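# Mind looking at a prediction? Sequence and model below.
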Amino acid sequence: MAHDLHQAAENDDLSHSIDYSSVLSSLASSCAAPSSSLEVLSERICDTCFTSYPELGELYVSISRPKALLHARATRIVSEWRRSHHDPVHEKFFIEELDCQAIVGVNPCEREEKQRVRFNIMLDRHKRRAQFDFHEVARKVFENVQSSSHLTLEALASLTARTVLLHTGTISDRVTVRAAKPSALVLAEAAEVEITRTLRDYEPSSASTLKQTHENNVTHAPASPTPSLFSLLAALPERSGHDETVYAHRAAIALGANLGDRFANIELALRLLEMPDGTGRPRAAVVDTSFLYETAPMYVTDQPQFINGACMIETDMNPRSLLAFLKDIEATVGRVSSFRNGPRAIDLDILTFDAMTVDTRPESKKDKLDNLTGELVVPHPRIAEREFVLRPLSDMIPDYVHPVLGKPVRTLLLELVAKQSTDTPAMSKVVPFPRYPYISPSIATVTPGIPSVPPTATYWTFPVYSSTSSRRPLQKSYVMGTLNATPDSFSDGSRHNTTPAAVAYATASVAGGADIIDVGGYSTRPGAAYVSPDEEISRVIPVVEAIRGLSSEQNTVSADARLSARTADVPISVDTFRWEVADAAVRAGASCINDVYAFTGPAYPLDMSAAEYFLKFREIARELAVPVVLMHSRGDAASNKDYSAYSYAADSRGRGAVLEGVRVELGEKVEAAVRGRGGLRRWLVIVDPGVGFSKTLEGNLEVLRASSEITAAHPHRRNPLAGFPQLIGTSRKSFLGTILAQPDTGGAYEGRKTRPDERGWATAAAVSCAVQQGAEVIRVHDVLEMGDAIRVAQALWN
Ligand SMILES: Nc1nc2c(c(=O)[nH]1)N=C(COP(=O)(O)OP(=O)(O)O)CN2
Ligand SMILES: Nc1ccc(C(=O)O)cc1
């Protein structure tokens with residue numbers, strides 16, 4: 001209670017002192033009745049004090065609740081009240097001594113095993129709204145910290161501050177985090193850091209300022225602040241019709257299928273996991289997925305190859321009910337699928353459940369790893385010997401420490417790979433393409449309530465490369481042929497904008513070795529003209545339909561007819577940044593979406609409507625279940641002229657900032673696309689650094705020269721793009737023209753101006769660099785010619 005001590009102090013005058021025992025008894029009575037939250041209790045104390053002491057103007061109430069959270073010593077709220085204000089003028093929330101286990105530090109033992117990390121978190125609330133959810137914030141921090149792996153306590157403290165800010169959204173805009181390692185030092189109680197952060201610190205421009213390390217690297221502050229997609233998404237109001245249920249548990253589920261349409265079975269199982277039950281509420285939410293892999297059967301080897309993956313779910317079910325639920329889904333998928341295409345299978349196993357161990361076997365059977373029918377053992381007892389389980393788990397939760405083996409998933413995977421014999425069959429990463437147009441099969445009416453899933457047309461395979469090596473093993477690079485049904489594309493405008501010309505291009509490209517045809521109806525070259533959505537649809541759809549329509553000639557035997565039939569089956573992607581166009585094109589027969597703005601539209605810097613647009617696009621893509629190419633760019637090429645502003649850390653030669661910019665800026669979009677509820681399946685995302693988009697000549701060269709680093713796993717830091725297949729499009733672009741226009745120093749070559757269609761040889765050089773870097777997909781205009789370059793490059797570097 002703010003009280004003037006002067007009179008009592010000078011004169012020892014009792015009448016100006018406070019009667020502490022009467023304060024205490026009125027407080028005791030105001031605390032006696034139950035209150036629903038610390039905020040309510042604070043308010044009640046405030047009412048009591050202001051009523052009992054009419055001269056009191058200011059009051060500070062600090063309430064602590066020991067053991068309010070499972071892993072923390074206490075929660076606390078400190079409110080500052082004024083008589084003249086209805087709400088507290090200031091309020092702070094504390095989570096005190098939150099204990100987590102994390103991989104943090106540089107000593108070898110610290111890299112192997114988790115250690116205790118203690119957090120003290122203080123949040124300033126600037127808006128009094130709903131009751132502060134200590135439990136949710138602590139849970140998110142706990143979850144993120146437990147699965148983190150850092151060298152420094154600073155990075156861990158920063159991650160924690162970011163987690164808190166993102167999960168408290170508009171309630172708080174400032175957080176102070178103290179992070180301590182109590183086991184680090186022998187002669188001191190702990191090593192500890194304290195940081196204070198606001199959301200702005202995590203926006204790309206400021207994050208990069210924090211990362212700025214090299215003095216030679218001249219940085220340009222972006223002209224306007226660029227808010228991060230995460231902060232925008234966090235600030236969006238809750239969307240009606242979207243499930244906001246908070247679940248108590250998190251589990252990893254293994255996905256495996258080796259009969260029938262293996263990809264469709266897996267997709268159906270995931271959709272069934274999230275089907276609302278009798279109460280109208282889903283029993284689980286899928287919050288992350290791994291990549292998918294094609295794997296040789298283990299144990300019983302005389303059976304078809306498997307498709308394996310895993311997903312993370314959140315649920316309120318206990319492990320036993322979850323197991324029963326998974327068995328039901330297996331039965332439903334089996335039933336629905338066999339109705340469609342004959343026998344098939346899906347396996348769903350609980351791999352992990354929170355950090356729990358469960359073993360329902362009688363003592364006498366505990367040493368057996370098989371015959372678990374009717375029993376439940378979590379974590380799954382054969383995890384450590386199965387690469388097809390460890391790899392998908394490592395895509396999602398590499399730092400999850402196996403509660404029995406005491407090692408993180410990434411270590412278990414490394415150890416398993418190290419001891420595998422050389423004849424162990426290699427797994428490949430796979431990307432499935434569904435068949436469109438597809439008429440929802442009658443099964444949906446035969447089995448009401450079963451979601452329908454598009455059947456699979458084909459799938460691409462890529463070799464798996466070891467987690468920390470930046471050099472990838474070479475492989476077949478898939479070739480994407482560029483077909484612009486536009487009057488003004490920079491290199492083939494008005495050449496393919498009639499249906500016959502477009503079909504001729506597609507047919508010739510398939511004959512020349514194209515694996516996919518990319519149909520665009522809106523040029524994104526710098527300065528291109530605006531095209532309405534209707535106009536874009538009317539350019540794209542007839543071309544897609546005409547290519548698919550070639551299949552009517554399938555039963556003839558001539559070479560032309562065979563080529564037509566192959567062309568009719570070729571995967572088609574639609575090059576668009578509009579979800580309406582993507583949706584229409586896929587329903588007409590496209591099987592992939594290629595978006596140069598990665599779902600946020602041309603807005604730059606990102607704003608709230610870009611975040612809403614992102615969610616809408618993601619929802620459409622998820623429903624269609626097609627692969628998506630998400631490209632790095634900074635919005636509309638025509639209006640974004642500030643290409644040099646990559647204020648990220650560079651190396652001593654001033655290089656690396658653009659690569660890091662792509663990892664951070666595209667990484668954020670890819671993370672937001674894949675993780676959390678409503679996310680896309682990780683196995684359907686292909687990334688693209690966006691050569692020619694929002695980059696200078698040097699920036700384009702830097703990206704191209706080391707593009708494998710964009711998707712390589714970093715040994716000490718999480719790279720959000722790690723492991724994704726990568727597409728590179730350099731074909732005929734102006735950066736090649738810029739190089740050709742430059743004279744050389746000796747004066748022998750004076751430079752020459754080139755039209756885009758004169759840059760074929762230049763493209764071949766760029767394409768061979770992309771092959772050498774291990775690009776999984778290469779986008780070109782001249783499929784036959786560049787196909788030659790790709791094949792020779794592959795032969796050289798394979
Ligand atoms: N994923 C991806 N998509 C793209 C890429 C690229 O590099 N990656 N380049 C483009 C520019 O080439 P295009 O010939 O389509 O030119 P236009 O924009 O003038 O139509 C258009 N679309
Ligand atoms: N959409 C694009 C078209 C062309 C270029 C380029 O020539 O660099 C960049 C983007």
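Arrived safely, thanks for sending. Computed from a prediction, not measured in an experiment: that's the story for all the values here. Ligands and ions are numbered 1, 2, ... in the order given.
# Residue in the stretch 51-200 of the chain with the shortest distance to ligand 2?
Proximity of the stretch 51-200 of the chain to ligand 2 (CB to the nearest ligand atom) peaks at Arg200, 30.9 Å away. Using the backbone N, CA and C atoms, a C-beta is placed for each residue, glycine as well.
# how many other residues sit next to that residue?
Arg200: 15 surrounding residues under other CB atoms under 10 Å.
# again, but for Phe134
Phe134 has 23 nearby residues by other CB under 10 Å.
# what's it sitting at in phi/psi?
phi -60, psi -40 (degrees, to the nearest 10).
# What about the spatially closest residue to it that is not a sequence neighbour, how many residues nearby?
Excluding the flanking residues, the one nearest Phe134 by CB to CB, 6 or more residues apart in numbering is Thr75, at 4.6 Å. Neighbour count for Thr75, taken as other CB under 10 Å: 24.
# likewise the one 4 residues further on?
By other CB under 10 Å, 25 other residues sit near Ser79.
# got it, and Asp316?
By the measure other CB under 10 Å, the count of residues near Asp316 is 14.
# hmm, back to that, if I pick the residue nearest to Phe134, what's in contact with it?
Leu38, Ser64, Arg65, Ala68, Leu69, Phe93, Phe94, Ile95, Glu96, Phe134 (CB atoms under 8 Å, 6 or more residues apart in numbering).
# PyMOL command for the buried members of the residues you listed?
Those of the contacts of Thr75 that count as buried under 16 or more other CB atoms under 10 Å are selected in PyMOL with:
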select buried, resi 38+65+68+69+93+94+95+96+134
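# Could you tell me which of the contacts of Thr75 are located in helices?
Within the contacts of Thr75, residues falling in helices by DSSP state H are Leu38, Phe134.
# For the contacts of Thr75, give me a markdown table that also has pLDDT and distance to Gly654.
Converted to a markdown table, the contacts of Thr75 look like this (pLDDT from 0 to 100; distance: CB to CB, whole Å):
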| residue | pLDDT | distance to Gly654 |
| --- | --- | --- |
| Leu38 | 89 | 52 |
| Ser64 | 95 | 52 |
| Arg65 | 94 | 53 |
| Ala68 | 91 | 51 |
| Leu69 | 93 | 48 |
| Phe93 | 94 | 44 |
| Phe94 | 96 | 44 |
| Ile95 | 97 | 42 |
| Glu96 | 97 | 45 |
| Phe134 | 91 | 46 |
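# What pairs with the longest strand anywhere in the chain, parallel or antiparallel?
Assignment by DSSP state E gives strand 90-104 as the longest strand of the chain. Looking at strand 90-104 with DSSP bridges, its partner strands are strand 72-82 (antiparallel), strand 115-125 (antiparallel), strand 149-150 (parallel).
# how far is it from where the chain is centred?
Remark: strand 90-104 is offset 25 Å from the chain centroid, using CA atoms, centre = their mean, to the nearest Å.
# Stretch 420-436 too?
In terms of CA atoms, centre = their mean, the centre of stretch 420-436 is found 22 Å from the chain centre.
# how long is that stretch end to end?
Between the opening and closing residues of stretch 420-436 there is a gap of 40 Å (CA to CA, to the nearest Å).
# what is the rounded mean pLDDT of that stretch?
Across stretch 420-436, the average pLDDT comes to 93.
# can you count the residues close to the spatially closest residue to Arg271 that is not a sequence neighbour?
In this structure, Arg271 finds its nearest non-sequential neighbour in Pro451, 4.1 Å apart by CB to CB, 6+ apart. By other CB under 10 Å, the residues close to Pro451 number 15.
# Now the stretch 351-500 of the chain against ligand 2: closest residue?
For the stretch 351-500 of the chain, CB to the nearest ligand atom, closest residue to ligand 2: Phe490, 4.3 Å.
# so that residue sits right up against Gly520, yeah?
No: if you go by CB atoms under 8 Å, Phe490 and Gly520 don't touch, sitting 11.2 Å apart.
# Of these two, which one has the most company?
The neighbour comparison of Phe490 against Gly520 (other CB under 10 Å) goes to Gly520, with 25 against 19.
# If Tyr60 is in a bridge, with which residues?
Under the criterion used (DSSP bridges), Tyr60 bridges to Glu80.
# these two touch, right, it and Glu80?
Yes: at 5.5 Å, Tyr60 counts as touching Glu80 under the criterion of CB under 8 Å.
# count of neighbours near the nearest residue to Ala8 once chain neighbours are set aside?
Nearest residue to Ala8 in three dimensions, chain neighbours excluded: His16, at 4.0 Å (CB to CB, 6+ apart). Counted with other CB under 10 Å, the neighbours of His16 add up to 15.
# Correct me if wrong: His16 contacts Glu55.
No: using CB under 8 Å, His16 is not in contact with Glu55, being 10.3 Å away.
# Do you know the pLDDT at the residue most central in space within the chain?
The structure's the chain has its C-alpha centroid closest to Glu671; by CA atoms, centre = their mean the separation is 1.9 Å. Looking at Glu671, its pLDDT stands at 95.
# What residues does it make contact with?
Phe230, Pro720.
# Can you pull the phi and psi angles for the residue in the stretch 251-400 of the chain positioned nearest to ligand 1?
With CB to the nearest ligand atom as the measure, Phe291 is the residue of the stretch 251-400 of the chain nearest to ligand 1, at 19.4 Å. With angles defined as degrees, to the nearest 10, Phe291 sits at phi -70, psi 170.
# shouldn't it be in contact with Trp683?
Yes: using CB under 8 Å, Phe291 is in contact with Trp683, at 5.0 Å.
# any residues in contact with both of these two?
Gly309, Lys429.
# Do I have it right that Ala184 meets Asn107?
No: with contact defined as CB under 8 Å, Ala184 does not reach Asn107; the gap is 9.1 Å.
# the more surrounded of the two?
Ala184 (19 against 9).
# before we move on, back to that, quick check: the residue of the stretch 51-200 of the chain closest to ligand 2 is in a helix.
Yes: checked against DSSP: H, G, I helix; E, B strand; the rest coil, Arg200 lies within a helix.
# Report pLDDT for the residue nearest to Arg271.
90.
# Okay, it and ligand 1: tell me how far apart.
Per CB to the nearest ligand atom, to the nearest Å, Pro451 is found 29 Å from ligand 1.
# So what's the residue count around Lys140?
17.
# Model confidence score at it, please.
pLDDT at Lys140 comes out at 89.
# circling back: C-alpha coordinates for the longest strand of the chain, PDB please?
The C-alpha atoms that make up strand 90-104 are tabulated as PDB, following Å, rounded to 0.1, in the frame of the first residue of the first chain:
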ATOM      1  CA  HIS A  90       0.300  -2.200 -15.000                       C
ATOM      2  CA  GLU A  91       0.500  -6.000 -14.600                       C
ATOM      3  CA  LYS A  92       3.300  -8.500 -14.700                       C
ATOM      4  CA  PHE A  93       3.200 -12.200 -14.800                       C
ATOM      5  CA  PHE A  94       5.900 -14.500 -13.600                       C
ATOM      6  CA  ILE A  95       6.600 -18.200 -14.200                       C
ATOM      7  CA  GLU A  96       9.200 -19.000 -11.500                       C
ATOM      8  CA  GLU A  97      11.800 -21.700 -11.800                       C
ATOM      9  CA  LEU A  98      10.400 -23.600 -14.700                       C
ATOM     10  CA  ASP A  99      12.600 -26.700 -15.000                       C
ATOM     11  CA  CYS A 100      13.200 -28.200 -18.400                       C
ATOM     12  CA  GLN A 101      15.700 -30.700 -19.900                       C
ATOM     13  CA  ALA A 102      17.500 -29.600 -23.000                       C
ATOM     14  CA  ILE A 103      20.600 -30.200 -25.100                       C
ATOM     15  CA  VAL A 104      22.600 -27.100 -24.600                       C
END
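# continuing past that strand, what's the next helix or strand?
helix 108-112 (DSSP states H and E).
# Quick one, grab the pLDDT at Val674.
97.
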